[in-house]
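Asks: how would this look folded up:
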Amino acid sequence: MRANGQQAHVVVIDHTHEIGLLFEELLRSESYRATVLGDCPESVDQIVALRPDVIVHDYALSHAEADRVSLRRLTTDPRTSHIPLVLCSAATDVDDIAARLGGASVQVIAKPFTIDEVLGAIRSGARAHLPGITREVPPLQAPGASCH
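Replies: Residues are numbered from 1 along each chain as shown. Next comes the predicted model:
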């Protein structure tokens with residue numbers, strides 16, 4: 001939560017509708033404001049209009065080229081390059097992709113990941129982007145619970 005009482009806003013970009021809905025439910029249960037985009041945004045303008053504090057971006061092998069383009073746009077556009085990015089993927093080259101994004105604030109989480117891992121990365125990004133975050137949100141899941 002922000003120091004002014006507003007919820008931190010997380011935008012989730014995931015090609016799988018059901019996974020997006022799970023992220024939305026999880027984030028809202030943890031006191032985040034969540035917006036889910038089913039596919040990579042056509043332009044950075046859509047993300048800019050949403051004004052997220054953190055972006056969670058799935059990197060799917062079946063959409064690798066579109067995801068690469070989306071990530072490059074988000075990390076090179078001055079309007080979004082400062083927003084912390086949590087990259088979730090089962091791809092083996094995801095660390096290389098994150099490294100090629102340069103100085104962008106990218107945290108990579110390998111699938112399968114635990115709920116605690118993804119929430120920890122989101123909290124870390126939100127704290128970096130919003131120094132006024134006033135409290136830690138305890139995990140709802142038992143340690144080791146995972147999402148695939």
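Asks: Could you give me the buried positions within whichever helix in the chain runs longest?
Replies: Secondary structure assigned by DSSP state H gives helix 115-129 as the longest helix of the chain. For helix 115-129, the neighbour count (16 or more other Cβ atoms under 10 Å) marks 115-123, 125-129 as buried. C-beta here means a position set from N, CA and C on the backbone, and glycine is covered the same way.
Asks: burial count for T35?
Replies: 17 (other Cβ atoms under 10 Å).
Asks: ok, back up a step: on contacts alone, who are the packing partners of the longest helix of the chain?
Replies: Other elements packing on helix 115-129 under the criterion 3 or more Cβ pairs under 8 Å, 6 or more residues apart in numbering; DSSP states H and E are helix 17-29, strand 54-59, strand 85-89, strand 106-110, strand 146-147.
Asks: how far out from the middle of the chain is the helix or strand just after the third one?
Replies: It refers to strand 85-89. The helix or strand immediately downstream of strand 85-89 is helix 94-100, counting by DSSP states H and E. The chain centre lies 16 Å from the centre of helix 94-100; the measure is Cα atoms, centre = their mean, to the nearest Å.
Asks: So what touches helix 94-100?
Replies: Contact partners of helix 94-100, identified using Cβ atoms under 8 Å, 6 or more residues apart in numbering, comprise Y59, R68, L71, L87, A91, V106, V108, A110.
Asks: For beta bridges, what are the partners of the last one?
Replies: It stands for A110. S89 (DSSP bridges).
Asks: Okay, it and R28: tell me how far apart.
Replies: Look at A110 and R28: by Cβ to Cβ, to the nearest Å, they are 25 Å apart.
Asks: which residue is nearest the centroid of this structure?
Replies: Taking Cα atoms, centre = their mean, the centroid of the chain lies closest to V56, which sits 1.4 Å from it.
Asks: Flag the shaky bits of this protein, pLDDT-wise.
Replies: Across the chain, the ranges flagged by pLDDT under 70 are 1-5, 94-95, 102-104, 131-148.
Asks: would JSON lines of the buried residues of helix 115-129 with distance to R51 be doable?
Replies: What follows is those, written out as JSON lines (distance: Cβ to Cβ, whole Å):
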{"residue": "I115", "distance to R51": "25"}
{"residue": "D116", "distance to R51": "27"}
{"residue": "E117", "distance to R51": "26"}
{"residue": "V118", "distance to R51": "21"}
{"residue": "L119", "distance to R51": "21"}
{"residue": "G120", "distance to R51": "23"}
{"residue": "A121", "distance to R51": "20"}
{"residue": "I122", "distance to R51": "16"}
{"residue": "R123", "distance to R51": "19"}
{"residue": "G125", "distance to R51": "15"}
{"residue": "A126", "distance to R51": "13"}
{"residue": "R127", "distance to R51": "17"}
{"residue": "A128", "distance to R51": "16"}
{"residue": "H129", "distance to R51": "11"}
